[in-house]
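Enquirer: My questions concern the predicted model and sequence given below.
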Amino acid sequence: MTSDDWQPIDSAPTDTEILVYVRKWGVIVARHSEEHETWFSRMQVPVTLAEDERPTHWRPVPAPPESAETEGEGEEPVSSSPASAP
């Protein structure tokens with residue numbers, strides 16, 4: 001198993017954004033909230049509202065394409081790690 005393989009959600013880091021798989025919605029970018037004890041999507045909407053909607057697997061967010069690194073020079077990049085957790 002490599003670090004890019006899907007892994008059980010119980011092994012997911014809780015201090016950074018990751019990709020999670022939710023049967024109902026598919027793959028989404030999410031971050032864990034210790035305060036609410038649940039996963040939140042990047043848009044700050046709870047991913048889990050019911051037991052059957054909880055993420056089952058996770059994997060790291062991939063790096064952006066190399067060409068994206070040079071496009072829009074001078075613009076502030078979008079961070080994959082917001083300053084504050086949801």
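Expert: Now that the structure is in, tell me what you want to look at. Numbers count the residues shown, from 1 in each chain.

Enquirer: I figured W58 hits T16, correct?
Expert: No. If you go by C-beta atoms under 8 Å, W58 and T16 don't touch, sitting 10.6 Å apart. C-beta: built from backbone N, CA, C; applies to glycine.

Enquirer: Output the longest strand belonging to this structure.
Expert: Counting by DSSP state E, the longest strand found in the chain is strand 26-33.

Enquirer: Could you list the paired strands of that one along with their orientation?
Expert: strand 18-22 (antiparallel), strand 38-41 (antiparallel) (DSSP bridges).

Enquirer: buried residues in that strand?
Expert: I28, A30, R31, H32, S33 (16 or more other C-beta atoms under 10 Å).

Enquirer: With stretch 56-72 instead?
Expert: Buried-residue list, stretch 56-72, by 16+ other C-beta under 10 Å: H57, W58, R59, P60.

Enquirer: Take the residues you listed and keep only those in strands.
Expert: Within those, residues falling in strands by DSSP E are H57, W58, R59, P60.

Enquirer: Now do the phi/psi pair for I9.
Expert: When read as degrees, to the nearest 10, the backbone of I9 gives phi -60, psi -30.

Enquirer: my read: it touches H32, true?
Expert: No. Counting by C-beta under 8 Å, I9 stays clear of H32, with 9.5 Å between them.

Enquirer: what's the least confident helix or strand in the chain, going by average pLDDT?
Expert: In the chain, no helix or strand scores lower on mean pLDDT, DSSP states H and E than helix 66-70, which sits at a mean of 73.
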